[in-house]
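# need coordinates for the below:
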Amino acid sequence: MVHKDSVRNGRWILALMSGIFLLLQSLSVAAQGSSVAPTDDAIARSIVEKADKVRFPADGFQVDIVINSQRPDKDADMRKYRVLSKGNENTVVMVTEPASERGQIILMKGRDLWVFMPEVSQPVRISLAQRLTGQVANGDLARANFAGDYNPKVIGTEKIGNDSFHILELIAVDRSVTYQRVVYWVNEKSGWPLKAEFYSLSNRLMKKCSYENFQTLAGRLRPTRLVMEDALRNGEKSILEYSDMKLRDLPDKLFTKEYLKKLD
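Model (predicted):
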């Protein structure tokens with residue numbers, strides 16, 4: 001004859017074992033789910049980071065830039081700059097032409113910008129969104145860190161020619177960045193940027209940019225020409241030509257207000 005307590009204990013043990021089994025099974029499913037695939041946000045950020053590295057090296061580098069700005073009612077304006085940049089957070093932009101503006105220097109640290117002018121004793125604070133020349137804002141030369149300045153998401157794909165492109169929407173992390181919203185086309189296969197649209201805080205399309213003429217600079221293929229067109233005034237555009245890009249070991253002290261006077 002089986003004792004009632006033995007039956008009760010046996011049932012309790014079976015229930016406990018069943019509960020433990022279900023718990024282990026749920027933990028296993030959760031663990032598998034967490035490693036199945038990255039989130040949509042992570043995928044979008046990876047695409048933008050890859051395109052950033054196509055445009056510019058992640059390490060210290062120097063590059064010369066010629067900007068030709070065109071307007072239907074004026075003669076073309078040409079300016080030259082030398083940019084020294086390190087790690088996306090530190091940049092110096094030096095005017096090399098015209099001669100009358102030589103010696104003007106822009107310093108960027110993070111998203112803070114100052115301009116140093118020989119005739120002014122102290123650097124003057126400026127913004128990334130402020131116009132530098134033509135259709136080019138300060139931030140277009142001093143800071144091109146889309147991955148750090150925007151929260152990206154993939155909003156679609158588009159077939160252009162024989163290639164497929166991600167279409168990304170980039171929303172500014174705060175109001176200090178150059179543009180408040182960017183729509184960005186990036187090649188799905190190569191990771192190369194194709195074009196971008198830049199919008200104001202009121203979501204008005206201000207400029208369009210195309211990335212062109214990919215050539216080897218500092219060890220990899222990069223766009224060497226950017227065409228920035230005014231979306232509001234037909235025929236107004238700036239063409240940026242990049243050349244002589246080289247990797248450089250740039251000291252941190254270079255990116256300080258105190259050091260600006262030593263640059264020429």
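
# wait, F198 touches V182, no?
Yes - checked against Cβ atoms under 8 Å, the pair F198 and V182 is within contact range at 5.7 Å. From N, CA and C alone the C-beta is placed, and that goes for glycine too.

# would you map the strands across the stretch 151-264 of the chain?
Using DSSP state E, counting those that start in this stretch, the strands of the stretch 151-264 of the chain run over residues 163-172, 181-187, 193-199, 205-217, 220-230, 237-247.

# what is the burial count for E241?
14 (other Cβ atoms under 10 Å).

# not counting its neighbours along the chain, what's nearest it?
Nearest non-adjacent residue to E241, counting by Cβ to Cβ, 6 or more residues apart in numbering: V66, 4.6 Å away.

# can you tell me which of the strands of the stretch 151-264 of the chain is nearest to A44?
Of all the strands of the stretch 151-264 of the chain, the one in closest proximity to A44, counting by Cβ to Cβ, is strand 163-172 (5.9 Å).

# now do the domain split for this structure, please.
Segmentation of the chain into domains, based on automatic domain parsing, reads 1-36, 40-262.

# that older thread, can you confirm the residue nearest to E241 is in a helix?
No - assessed with DSSP: H, G, I helix; E, B strand; the rest coil, V66 is strand; it does not lie in a helix.

# report the spatially nearest residue to the most centrally placed residue in the chain, omitting neighbours in sequence.
The centroid of the chain falls nearest to F146 when counting by Cα atoms, centre = their mean (1.6 Å). Closest residue to F146 apart from its sequence neighbours, by Cβ to Cβ, 6+ apart: V48 at 5.1 Å.

# what is the neighbour count of the residue lying closest to L250 once chain neighbours are set aside?
Nearest residue to L250, sequence neighbours excluded (Cβ to Cβ, 6+ apart): G60, at 4.0 Å. Neighbour count for G60, taken as other Cβ under 10 Å: 17.

# now G60: how far from V93?
According to Cβ to Cβ, to the nearest Å, G60 stands 15 Å off from V93.

# ok, now F56?
Distance of F56 to V93, computed by Cβ to Cβ: 13 Å.

# mind listing what L226 touches?
The contact partners of L226, by Cβ atoms under 8 Å, 6 or more residues apart in numbering, come to 209-212, 239-240, 242.

# now with 10 Å?
By Cβ atoms under 10 Å, 6 or more residues apart in numbering, the residues touching L226 are 55, 65, 67, 135-136, 140, 144, 193, 195-196, 209-213, 238-242.

# among those, name the buried ones.
Buried members of the contacts of L226, counted by 16 or more other Cβ atoms under 10 Å: 55, 65, 67, 135-136, 140, 144, 193, 195-196, 209, 211, 238-240, 242.

# okay, the domains of the chain in CSV with mean pLDDT next?
CSV is the format used below for the domains of the chain (pLDDT from 0 to 100):
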stretch, mean pLDDT
domain 1-36, 47
domain 40-262, 93
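
# which of those domains sits most buried?
Stretch with highest mean neighbour count among the domains of the chain: domain 40-262 (a mean of 17; mean count of other Cβ atoms under 10 Å).

# report the distance from that one to the chain centre.
Here the centre of domain 40-262 is set off from its chain's centre by 8 Å, with Cα atoms, centre = their mean, to the nearest Å.
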